[in-house]
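*Asks:* only geometry, no sequence info:
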């Protein structure tokens, strides 16, 4: 039973009560009424103030307007304060006082909601937003939508967010139109629909709303919902950037840096990055650091690079933390300090930033700034590789090959199998080799063929040659010279793109291997790489230099083709050539 129930019971007893009892009742009722229009403390500990209902009235200017007016409220009485700059110590009491004086003012309710939100009294903020939103006050409807979208003061509910954003957007309230565009772009609370996103962004952008102008620029740059158009992207970024919107200033800097939609101009890029960086926008600070580190648009200055990286890194911006780690690792702009490098790499890596994960793996692999730990190195390389970072995939592959070379097959298998399962061709080929040779696993030719095929289908030349050898020898698959010939053709073409391999060419090469003068005096129309092959009657005679490995491989493939051709009919060779010409890389199994 509540206090109100107790009072009602006393009144309904129909007997005379002492005066002192009536005094207590009066005081209690006054307290309850005051609580309905002033503050109370809910279980969360947040203050809550519920305005009286009744006809909407316009409040005069108060200190609440001074401290908490929304800069996006068309009915504001003061300049307006961005939410991030509200001082809740001043705004909360001022707006609570204003609501007591003007309980039916939707403007004042909105402002108290903003003050509560900045003070992290989210439940109380939602109460104020809802009161004004239900009176069709667009800024409050927008803020209530944001509360549902972010799960602040109410359970997260994207459909409710969409509903409230739409109510405000249909009143032509630009921030809500922009927010509705975001929901459609990302498929939150409604099916993803880039065209709808574009339509809502445009409505807000045409009201000169900078956030929407920047979003529209991104859509044009990426070709989402509209044909890709860098010039249109530049135009919208510029409109927002000229309103001092940091995200657009940074984006405009990127366009100038890389010459997208505008002539490349690194000094213009620097100028726009600096405008955004001076607003403490971390991505621009990091980009400015890169420009100083590389001497792009400004004289190279590692100390300036460090200063800008640090500003962004201290805002927990992962790319800047990674870059700061690099500077400490190599002593650029700061004394070399591998432990500091490790610390910054770790901060970025723990945010799932792939490049930092790879760099942290490197530090563990070689014991830089930390005790050497191969398992930790592999773990961090794998995290980066799982995100598709080629450098990390390569490092893992090299670790696996190194493990094979030292006969540590268990480590090689542990590294390779997850990568192979994820579709990494090099790991699939190495796994095929291990099954083929019985290294660390039972020898299994059929399993070897399976992994060689997966890698070969992705265009791995060594795997294509290995699969050709399996077909030639009939190991793991029935012997099949046609498919063996096909795979050796593909292997040769992978190593030397454009090489035209026909039965006649193979025969010519076989003959010239015997007749060609080693001193090169005999005239020939062969390409330089063919000359290199023919100068050596054996593979080990390929000349030393950067092309030797390719020479040896292609020579070996041609020998295999030459040998296979001796046991094939012209029809079979033509069929193999046809299969090779029709082949396309795929991640699906292929015979």
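*Replies:* The structure has been received and is ready for your questions. Everything numeric here is computed off the predicted structure, so don't read it as measured data. Numbering: from 1, shown residues only.

*Asks:* tell me where this structure has strands.
*Replies:* 39-40, 48-49 (DSSP state E).

*Asks:* which one of the ones you listed has the lowest average pLDDT?
*Replies:* For these, mean pLDDT drops lowest on strand 39-40, to a mean of 37.

*Asks:* how about the spatially most central residue of the chain: what's its closest non-neighbour residue?
*Replies:* Centroid-nearest residue in the chain, with C-alpha atoms, centre = their mean: residue 353, separated by 8.7 Å. Among residues not flanking residue 353 along the chain, residue 318 sits closest, at 3.8 Å (C-beta to C-beta, 6 or more residues apart in numbering). In this view, the C-beta of every residue, glycine as well, is placed from N, C-alpha and C.

*Asks:* tally of neighbours for that neighbour?
*Replies:* Using other C-beta atoms under 10 Å, residue 318 has 22 other residues around it.

*Asks:* for residue 100, see how far away it is.
*Replies:* Per C-beta to C-beta, to the nearest Å, residue 318 is found 46 Å from residue 100.

*Asks:* re the thing from before, correct me if wrong: the residue nearest to the centre of the chain contacts residue 317.
*Replies:* No - with contact defined as C-beta atoms under 8 Å, residue 353 does not reach residue 317; the gap is 9.5 Å.

*Asks:* count the neighbours of the nearest residue to residue 440 once chain neighbours are set aside for me.
*Replies:* Excluding its sequence neighbours, the residue lying closest to residue 440 (C-beta to C-beta, 6+ apart) is residue 409, at 2.5 Å. By the criterion of other C-beta under 10 Å, residue 409 has 17 neighbours.

*Asks:* so how far is residue 435 from residue 409?
*Replies:* Counting by C-beta to C-beta - residue 409 and residue 435 are separated by 11 Å.

*Asks:* list residues touching both of those two?
*Replies:* Taking C-beta atoms under 8 Å, 6 or more residues apart in numbering as the contact rule, residue 409 and residue 435 both touch residue 441.

*Asks:* next, the contact list for residue 276, please.
*Replies:* Going by C-beta under 8 Å, 6+ apart, residue 276 touches 246-247, 249-250, 253, 283-284.

*Asks:* and the protein, what are its domains?
*Replies:* When the chain is parsed with automatic domain parsing, its domains come out as 3-37, 44-171, 452-591.

*Asks:* in stretch 59-79, what counts as buried?
*Replies:* Buried residues in stretch 59-79, defined by neighbour count with 16 or more other C-beta atoms under 10 Å: 59, 62, 64-70, 72-73, 76-78.

*Asks:* sort those by pLDDT and name the bottom one.
*Replies:* For the buried residues of stretch 59-79, the weakest pLDDT value sits at residue 59, with 89.

*Asks:* how much space separates it from residue 74?
*Replies:* According to C-beta to C-beta, residue 59 and residue 74 sit 16 Å apart.

*Asks:* just the helices in the stretch 351-500 of the chain please.
*Replies:* Secondary structure of the stretch 351-500 of the chain, counting by DSSP state H, counting those that start in this stretch: helices at 354-366, 374-385, 390-405, 409-421, 425-437, 445-457, 461-473, 481-495.

*Asks:* make TSV out of these and add mean pLDDT and distance to residue 211.
*Replies:* Below are these laid out as TSV (pLDDT from 0 to 100; distance: least, C-beta to C-beta, whole Å):
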stretch	mean pLDDT	distance to residue 211
helix 354-366	90	29
helix 374-385	85	33
helix 390-405	72	35
helix 409-421	80	41
helix 425-437	84	43
helix 445-457	92	46
helix 461-473	90	50
helix 481-495	87	49
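
*Asks:* mind putting those helices into CSV with distance to residue 91?
*Replies:* Output for these, formatted as CSV (distance: least, C-beta to C-beta, whole Å):
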stretch, distance to residue 91
helix 354-366, 39
helix 374-385, 44
helix 390-405, 48
helix 409-421, 53
helix 425-437, 58
helix 445-457, 62
helix 461-473, 66
helix 481-495, 67
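
*Asks:* which one of those helices lies nearest to residue 344?
*Replies:* helix 354-366 (8.0 Å; C-beta to C-beta).

*Asks:* packing partners for that closest one?
*Replies:* If you count contacts as 3 or more C-beta pairs under 8 Å, 6 or more residues apart in numbering; DSSP states H and E, helix 354-366 packs onto helix 318-330, helix 338-349, helix 374-385, helix 390-405.

*Asks:* how far does that helix sit from its chain's centre?
*Replies:* Between the centre of helix 354-366 and the centre of its chain there are 19 Å (C-alpha atoms, centre = their mean, to the nearest Å).

*Asks:* in that helix, what counts as buried?
*Replies:* Using 16+ other C-beta under 10 Å as the test for burial, helix 354-366 gives 354-365.

*Asks:* stretch 113-122 now?
*Replies:* So, applying 16+ other C-beta under 10 Å, buried residues of stretch 113-122: 113-119, 121-122.

*Asks:* give me the contact list for it.
*Replies:* Contacts of stretch 113-122 with the rest of the structure, by C-beta under 8 Å, 6+ apart, involve 46-48, 64, 67-68, 70, 83-84, 86-88, 91-92, 94-95, 124-129, 132, 140, 143, 147, 152-153.

*Asks:* now with 7 Å?
*Replies:* By C-beta atoms under 7 Å, 6 or more residues apart in numbering, the surrounding residues in contact with stretch 113-122 are 46-47, 68, 70, 83, 86, 88, 91-92, 95, 124-125, 128-129, 140, 143, 152-153.

*Asks:* likewise stretch 171-183?
*Replies:* Residues from elsewhere that reach stretch 171-183 (C-beta under 7 Å, 6+ apart): 72, 138-139, 141-142, 145-146, 158, 161-162, 165-166, 168-169, 189-190, 197, 200-201, 203-204, 207, 209, 211-212, 215.

*Asks:* swap the cut-off to 6 Å and go again
*Replies:* Applying C-beta atoms under 6 Å, 6 or more residues apart in numbering, the contact partners of stretch 171-183 are 72, 138, 142, 162, 165, 168-169, 189, 197, 200-201, 203-204, 207, 209, 211-212.

*Asks:* and the buried ones among these, selectable in ChimeraX?
*Replies:* Burial among the contacts of stretch 171-183 is assessed by 16+ other C-beta under 10 Å; the matching ChimeraX selection reads:
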select :72,138,142,162,165,168,169,189,197,200,201,203,204,209,211,212
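
*Asks:* in helices only, show me the contacts of stretch 171-183.
*Replies:* Judged by DSSP state H, these include 138, 142, 162, 165, 168-169, 197, 200-201, 203-204, 211-212 as members of helices.

*Asks:* now the helices for the stretch 1-150 of the chain?
*Replies:* Under DSSP H, counting those that start in this stretch, the stretch 1-150 of the chain gives helices at 3-11, 19-37, 63-68, 88-101, 106-118, 122-133, 138-150.

*Asks:* which of the ones you listed comes out lowest on mean pLDDT?
*Replies:* Mean pLDDT per stretch puts helix 3-11 lowest among the helices of the stretch 1-150 of the chain, at a mean of 38.

*Asks:* OK, contacts around residue 165?
*Replies:* 145, 176, 179-180.

*Asks:* my error: substitute residue 356 in the last question.
*Replies:* Listed by C-beta under 6 Å, 6+ apart, the contact set of residue 356 reads 322, 345, 348-349.

*Asks:* can you tell me the closest non-neighbouring residue to it?
*Replies:* residue 348 (3.4 Å).
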